[in-house]
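**Student:** The following comprises the amino acid sequence and a computationally predicted model.
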Amino acid sequence: MMMALGLFVFSLRTTSYQELQRVTNWRHPSNSRVGATPAYQFTGKGEDTITLKGVIYHEITQSRVTLDQIRKMADTGKAYTLIEGTGKIYGLVIIDSLDETKTFFFKDGAARKTEFTITLKVIKEWQPTLLGSLIGMAAGALNRLI
């Protein structure tokens with residue numbers, strides 16, 4: 001497992017990303033002053049954005065995994081945990097956007113190559129008290145499968 005977004009697992013055999021970019025901003029609003037440079041005040045952390053870019057070669061992976069599952073997750077408007085395979089927990093994220101491009105098609109119209117970009121926004125950093133909601137989410141998902 002490379003990473004898990006909620007119950008969606010990124011792995012080398014199915015859906016793998018080749019690039020992970022993280023941009024974190026901090027807020028420093030300015031106050032104009034007469035005859036001097038503006039004064040800046042630190043007011044806290046700004047947006048934290050994670051972008052995953054990848055390519056799926058369906059002939060190599062022998063997988064017809066689609067990104068529709070992520071699209072359905074985004075449609076709920078809910079936040080999901082983002083956990084790296086190393087154990088690093090990014091926190092709760094929302095799915096901000098999904099860009100999917102399919103090229104080089106089989107004769108049945110299925111894509112041979114799918115490029116994707118997923119943009120996530122961290123809405124809450126990891127806190128141990130969130131563990132209860134993780135267990136509840138996992139139990140709910142298992143109940144739907146059974």
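**Tutor:** Perfect, thanks for sending it.

**Student:** CA only for contacts and neighbour counts going forward, please
**Tutor:** Fine.

**Student:** Provide a list of residue ranges in the protein with pLDDT below threshold.
**Tutor:** In the predicted model of the chain, residues 63-65, 125-146 satisfy pLDDT under 70.

**Student:** Let's see that with 80 instead.
**Tutor:** Applying pLDDT under 80 to the chain flags the ranges 61-66, 125-146.

**Student:** F104: how many residues sit nearby?
**Tutor:** Neighbourhood size, F104 [other CA atoms under 10 Å]: 12.

**Student:** which residues touch it?
**Tutor:** 111-113 (CA atoms under 8 Å, 6 or more residues apart in numbering).

**Student:** partners of the one helix or strand D99 maps to in the sheet?
**Tutor:** Here D99, judged by DSSP states H and E, is contained in strand 89-105. Here strand 89-105 has these sheet partners by DSSP bridges: strand 80-84 (antiparallel), strand 111-124 (antiparallel).

**Student:** Relative to the whole chain's centre, how far out is that strand?
**Tutor:** 6 Å (CA atoms, centre = their mean, to the nearest Å).

**Student:** What are the buried residues along it?
**Tutor:** Within strand 89-105, the residues scored as buried using 16 or more other CA atoms under 10 Å are 89-95, 98, 100.
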